[in-house]
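**Q** Mind folding the following:
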Amino acid sequence: MNLRSVNPWELAASLVVLGAVPAVVFFYSKRKRPSAVELETARRAFLVQSGRIVDGTFLDGAEVEAEDGRTLNMLLFQYRIGGVDYQCSQDITELAELIDLTEVRSGFPCSIRYQQGNPQNSIVVAERWSGLRGSQTLTPEIRNLDPLNLTHLPGRG
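**A** Take a look at the predicted model:
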């Protein structure tokens, strides 16, 4: 029977590896994982920084009941990239104080940021960017015009 002599470096390396395995397992089991809100904030920041912009249409704003009983504010929008139509939604519950949905009308155009290789990853609103456009100003209606009175025209007062 022939026993191989163990080199002291091999013995030290194997002890380090055997000691490192439990440390790595402990680290991964106790580390703080990002919450869903943190992941969504990071996704929006990524799209604001590197997303492409395309024109789309704001379809609707809706409140949806979540499985846990919370009410979610959702934006529904559509856009076309490369001949493919996309209809997406964005949860804006965390951004509700930034958006006044009464100012935005269904069917109005909006700008959409999307990820170039993954066009269904898209947003309309983020913390420092918004693709929503306010409602159009209406021309004031002037009634009972006297054809000889031109005071209602600018510069004719």
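**Q** Looking at the chain, which helix is longest?
**A** When the chain is parsed with DSSP state H, its longest helix is helix 8-30.
**Q** How far does it sit from its chain's centre?
**A** 41 Å (Cα atoms, centre = their mean, to the nearest Å).
**Q** Could I get the average pLDDT for that helix?
**A** Average pLDDT, helix 8-30: 83.
**Q** partners of the strand ranked longest in the chain, with directions?
**A** For the chain, the strand that runs over the most residues, judged by DSSP state E, is strand 52-65. Using DSSP bridges, strand 52-65 pairs in its sheet with strand 71-81 (antiparallel), strand 109-115 (antiparallel).
**Q** Same list, those, but as a markdown table with mean neighbour count, mean pLDDT and distance to residue 46 please.
**A** C-beta: built from backbone N, CA, C; applies to glycine. Listed next are the strands paired with strand 52-65 as a markdown table, based on neighbours: other Cβ atoms under 10 Å; pLDDT from 0 to 100; distance: least, Cβ to Cβ, whole Å:
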| stretch | mean neighbour count | mean pLDDT | distance to residue 46 |
| --- | --- | --- | --- |
| strand 71-81 | 17 | 92 | 18 |
| strand 109-115 | 19 | 94 | 8 |
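**Q** Out of these, which gets nearest to residue 121?
**A** Closest to residue 121 of these, according to Cβ to Cβ: strand 109-115, at 4.2 Å.
**Q** just checking, next helix/strand downstream of the closest one?
**A** strand 118-123 (DSSP states H and E).
**Q** tell me which residues in that following strand are buried?
**A** 119, 122-123 (16 or more other Cβ atoms under 10 Å).
**Q** so the longest strand of the chain versus strand 118-123, what angle?
**A** Calculated by axes from the mean of the first three to the mean of the last three Cα atoms, to 10 degrees, strand 52-65 forms an angle of 60 degrees with strand 118-123.
**Q** what does strand 52-65 rub up against?
**A** The contact list for strand 52-65, computed with Cβ atoms under 8 Å, 6 or more residues apart in numbering, reads 71-81, 87, 101, 104-116, 124, 131-132.
**Q** pLDDT averaged over it, what's the number?
**A** 91.
**Q** What residues sit buried inside that strand?
**A** 54, 56-59, 61.
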